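>>> I'd like to go over a predicted model; first the sequence, then the structure.
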Amino acid sequence: MASAQILVTHGMADEKFGLSVDDIVYSYHGNPEHSLIETKLNGSMSDKASSVDKLQIIKWVRAGAPKEQWDDQIKTVFMKNCVSCHSVILGLPDFTQYEEVLSVSQPSGGASATTLTRSSHIHIFAISFIFLFNGLIFSLSVGVRTWVKISIICLPFWFLIIDVFSWWLTKITPEFAWLTIISGVGYSICSAITWFVSMYQMWVLPRKGHLYQVNTWLD
């Protein structure tokens, strides 16, 4: 589900399906050729408006988001498709106001410091607990050497730290986007190992008559 969420959130930032380095760069560093609103309409918000309405908004944005067109027709398009969220949800720009729509119609500068701070806090705090519980259960597995356990339990935390720092570094220099990919793959592999090994030993081995009462931290 986390992979699906990343694919939906960032996977269309370059207007192509699938997660790429460009998606990460555009999401965190920005894309001077496109505004944030255009990137979102072609990406994570692509299902929130019809193709006709999206094209109308994008044409208006590329024309410089003139105020007279906003008053005459574009405001109605936003009222129809956007304001159910972008007027009531705290933290989202209020799309009933021209000035706030204009702010996201400028060339994209990537994620703001506020957004990065909020995302960093959520990821470090919440995902660490997932790794903690996964690692605690995996620590009770049998037939795995202690040094292997310690490595697989600790590595996801290091990859998580690298992942979060890579967002801020990518905001400054786009080349660091590769760190985001490497760290994401790293803690995904470690988490998969802990999950599959734990589930196999809890659900499959007992059905085969394999029961253990040993100190699992001793080789």
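Now that the structure is in, tell me what you want to look at.
>>> Now do residue 169 against residue 80, distance only.
With distances defined as CB to CB, to the nearest Å, the gap from residue 169 to residue 80 amounts to 39 Å. Every C-beta, even on glycine, is put in place using the N, C-alpha and C of the backbone.
>>> more neighbours, these two?
When residue 169 and residue 80 are compared on other CB atoms under 10 Å, the one with more neighbours turns out to be residue 169, at 18 against 12.
>>> List the residues that contact the more buried one.
176, 179 (CB atoms under 8 Å, 6 or more residues apart in numbering).
>>> Is it within a helix or a strand, and which one?
Under the assignment given by DSSP states H and E, the secondary-structure element containing residue 169 is helix 146-172.
>>> Just the mean pLDDT for stretch 49-61, thanks.
Mean pLDDT, stretch 49-61: 90.
>>> whoops, I mixed them up, stretch 180-193
pLDDT averaged over stretch 180-193 equals 91, rounded to a whole number.
>>> hmm, who's touching it?
3, 6, 21, 24, 28, 130-131, 134, 138, 152, 155-156, 159-160, 162-163, 166-167, 170.
>>> Buried residues, it. List them.
If you call a residue buried by 16 or more other CB atoms under 10 Å, then stretch 180-193 has these buried ones: 180-181, 183-184, 186-187, 190-191, 193.
>>> That stretch: how far from the chain's middle?
Here stretch 180-193 is found 14 Å from its chain centre; the criterion is CA atoms, centre = their mean, to the nearest Å.
>>> Stretch 24-44 now?
14 Å.
>>> related to what we said a few turns ago, wait, which of the buried residues of stretch 180-193 is closest to residue 144?
When the buried residues of stretch 180-193 are compared for distance to residue 144 (CB to CB), residue 193 wins out at 9.6 Å.
>>> sec struct for the closest one, please.
Of the three states, residue 193 takes helix according to DSSP: H, G, I helix; E, B strand; the rest coil.
>>> how far away is it from residue 55?
Noted for residue 193: a distance of 46 Å to residue 55, by CB to CB.
>>> returning to what we had before: in helices, which of the buried residues of stretch 180-193 appear?
When the buried residues of stretch 180-193 are checked against helices (DSSP state H), the matches are 180-181, 183-184, 186-187, 190-191, 193.
>>> With distance to residue 208 as new columns, can the residues you listed be given to me in JSON lines?
What follows is these, written out as JSON lines (distance: CB to CB, whole Å):
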{"residue": "180", "distance to residue 208": "41"}
{"residue": "181", "distance to residue 208": "39"}
{"residue": "183", "distance to residue 208": "37"}
{"residue": "184", "distance to residue 208": "35"}
{"residue": "186", "distance to residue 208": "32"}
{"residue": "187", "distance to residue 208": "31"}
{"residue": "190", "distance to residue 208": "26"}
{"residue": "191", "distance to residue 208": "25"}
{"residue": "193", "distance to residue 208": "21"}
